[in-house]
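Trainee: Please find the sequence and the predicted model below.
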Amino acid sequence: MNQRKQEARQIIKQIVDEESRVDEQCTFKPTLIASRSGRVAIDQYQQAQEKHQEKQQKIDQQKREKQDEEMQHCTFQPKVNANVQVNTQMHRNQVKQSKGVDNFIRRQQMAKSETERKNQVFSQSCKYP
């Protein structure tokens, strides 16, 4: 058992010696500033957000310009009739002259009055002797 422990110690010592030789060969050792690295990430995020907003504004501006340009080619200008009431009265007269419209209106009025009558009857409280 002692022999195994000694072998393990020798192996560990060899590994440590090899690593120290590698460390001697490597001369570059970067210096890191921990407090600033967090701030740099925040600044980069804010810059990315600002760039995204600027890009979105530019896209929106281009859309508006394109829409305005398309609207310049539109030549349709409807003429709105100021005498709308006259036209609707003429339309009503034409509808009344249509076959069956009078019967339809009469049936609608009868249905409405029947519905009102039923609502009155059901809304009254029933009194039993």
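Mentor: Nice, thanks for sending it over.
Trainee: any idea which helix or strand comes after the helix or strand bottoming out on mean pLDDT in the chain?
Mentor: One helix or strand of the chain scores below all others by mean pLDDT, DSSP states H and E: helix 84-97, with a mean of 63. Where DSSP states H and E defines the elements, the next helix or strand beyond helix 84-97 is helix 101-123.
Trainee: Buried residues in that next one, which are they?
Mentor: Across helix 101-123, burial judged by 16 or more other Cβ atoms under 10 Å covers no residue at all. For the C-beta atoms, the positions are set from N, CA and C on the backbone; glycine is no exception.
Trainee: what about that helix, average pLDDT?
Mentor: Mean pLDDT, computed over helix 101-123, is 87.
Trainee: name the helices or strands packed onto that helix?
Mentor: The helices and strands touching helix 101-123, judged by 3 or more Cβ pairs under 8 Å, 6 or more residues apart in numbering; DSSP states H and E, number zero.
Trainee: how does it look with 10 Å?
Mentor: helix 84-97 (3 or more Cβ pairs under 10 Å, 6 or more residues apart in numbering; DSSP states H and E).
Trainee: Kindly list the longest helix within this structure.
Mentor: Secondary structure assigned by DSSP state H gives helix 34-72 as the longest helix of the chain.
Trainee: could you say what helices and strands that one packs with?
Mentor: Checking 3+ Cβ pairs under 10 Å, 6+ apart, helix 34-72 ends up next to no helix or strand.
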